[in-house]
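J.: Here's a sequence, model it:
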Amino acid sequence: MTIARALTVAGSDSGGGAGIQADLKTFQELDVFGMTALTAVTAQNTLGVHGIYPLTVEAVQKQMDAIGEDIGTDAVKTGMLFNSDIIRGVAEKLVQYKWEKVVVDPVMIAKGGSVLLLEEAVRALREVLMPLALVITPNVPEAELIAGRTIRGLDDRKEAARVLADLGAKNVVMKGGHDESNPNEVIDLLYDGRDFYEFSSPRQETRHTHGTGCTFAAAMTAELAKGRTVVQAVEVAKQFIQAAIEDTIQLGQGHGPTNHWAYQRRQAVVRQGAGR
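T.: The predicted model follows:
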């Protein structure tokens with residue numbers, strides 16, 4: 001029996017909606033064995049981030065060594081890396097272990113507005129990490145910061161995707177949740193360096209979207225770990241996060257988490273119907 005393995009290198013969310021908690025839930029729901037290398041501990045809930053406590057570069061690298069020297073991994077997701085030293089340390093280990101299926105989720109700002117990536121780290125992200133990425137998954141504000149340009153609609157997102165690809169990312173997934181030029185639809189764009197692919201879904205009016213970026217990227221990582229193509233991985237990730245948003249669990253007083261078990265429950269209903 002072959003078991004797909006995925007490693008997340010990211011921060012901890014004590015509220016359970018984002019970070020390594022969201023990643024591990026997603027990996028498990030998609031039948032992938034999940035592992036972690038923790039970069040920072042955050043004290044946060046649905047109302048915001050109340051404290052950030054980064055780990056040392058040595059601590060992050062030792063965790064990655066522990067995986068690389070034993071279990072190994074089929075795909076890696078990076079999330080909150082916080083500063084340039086951690087970014088460079090993570091990149092060093094990605095190269096050392098020849099991990100090529102790397103999904104970079106450039107986590108920069110929390111839902112409540114707290115900064116999760118220092119300004120000095122953006123340059124390291126561009127120069128050191130992006131050239132190692134099989135896929136990068138920015139939302140509109142993140143893409144604006146990395147690409148250095150304003151994004152107002154679909155055409156702007158396409159131009160920004162080209163800029164990010166020129167920085168070294170082999171595939172760019174430009175998420176559309178922050179693009180309000182279309183009030184009824186969310187269109188995620190995939191650019192593979194040559195062609196664009198669009199993945200659309202109905203826009204949901206809800207405040208319970210904490211961790212959507214982490215979850216989407218984790219679902220992509222899980223599918224890549226199982227040997228899926230990038231296009232196939234985006235398709236599943238889109239379905240996974242759409243179900244997680246639509247079948248809300250309504251926890252907390254602020255930006256609540258999504259429902260990580262919604263996708264599999266929907267799949268189970270489909271399987272039951274097919275078996276009748």
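J.: quick one: the helices in the stretch 151-276 of the chain?
T.: Residue ranges of the helices in the stretch 151-276 of the chain, as given by DSSP state H, counting those that start in this stretch, are 154-166, 212-225, 230-246, 262-274.
J.: Please name every helix or strand in contact with the second one.
T.: Just to be clear, that refers to helix 212-225. Judged by 3 or more CB pairs under 8 Å, 6 or more residues apart in numbering; DSSP states H and E, helix 212-225 is in contact with strand 5-13, helix 19-29, strand 75-78, strand 102-104, helix 230-246. Where C-beta positions appear, they are placed from N, C-alpha and C, glycine not excepted.
J.: now the last one
T.: In terms of contacts (3+ CB pairs under 8 Å, 6+ apart), helix 262-274 is packed against helix 230-246.
J.: Show the average pLDDT along the helix or strand hosting residue 123.
T.: Using DSSP states H and E, residue 123 sits in helix 121-124. Helix 121-124 shows a mean pLDDT of 89.
J.: List the buried residues in it.
T.: For helix 121-124, the neighbour count (16 or more other CB atoms under 10 Å) marks 121, 122, 124 as buried.
J.: which one is the second one nearest to, not counting chain neighbours?
T.: Which is residue 122. Computed as CB to CB, 6 or more residues apart in numbering, the closest residue to residue 122 that is not its neighbour in sequence is residue 145, at 6.2 Å.
J.: Would you mind listing the buried residues in whichever strand or helix holds that neighbour?
T.: Element membership for residue 145 (DSSP H and E) is helix 140-147. For helix 140-147, a neighbour-count test (16+ other CB under 10 Å) marks 140, 142, 143, 144, 145, 146, 147 as buried.
J.: What of stretch 87-94?
T.: 87, 88, 89, 90, 91, 93, 94.
J.: now it: how far from the chain's centre is it?
T.: Relative to its chain's centre, stretch 87-94 lies at 17 Å (CA atoms, centre = their mean, to the nearest Å).
J.: Check stretch 204-214 too.
T.: How far stretch 204-214 lies from its chain's middle: 13 Å, per CA atoms, centre = their mean.
J.: ok, now stretch 200-215?
T.: On the basis of CA atoms, centre = their mean, stretch 200-215 sits 13 Å off its chain's mean C-alpha point.
J.: for this protein, which residue is closest to the average position?
T.: residue 217 (2.9 Å; CA atoms, centre = their mean).
J.: okay, it: pLDDT?
T.: If you check residue 217, the pLDDT there is 98.
J.: That one contacts residue 102, doesn't it?
T.: No - the pair residue 217 / residue 102 is not scored as a contact, 10.8 Å apart, by CB atoms under 8 Å.
J.: ok, back up a step: most tightly surrounded among the helices and strands packed on helix 212-225?
T.: strand 75-78 (a mean of 30; mean count of other CB atoms under 10 Å).
J.: returning to that earlier point: so what sits against both of residue 217 and residue 102?
T.: residue 77 (CB atoms under 8 Å, 6 or more residues apart in numbering).
J.: returning to that earlier point: quick one: which of the buried residues of helix 140-147 is nearest to residue 173?
T.: residue 143 (10.2 Å; CB to CB).
J.: The residue lying closest to the closest one once chain neighbours are set aside: neighbouring residues, count only.
T.: Spatial nearest neighbour of residue 143, chain neighbours left out: residue 160 (4.7 Å); criterion: CB to CB, 6+ apart. Neighbourhood size, residue 160 [other CB atoms under 10 Å]: 25.
J.: My guess is residue 160 contacts residue 151. True?
T.: Yes - counting by CB under 8 Å, residue 160 sits close enough to residue 151 to count as a contact (5.5 Å).
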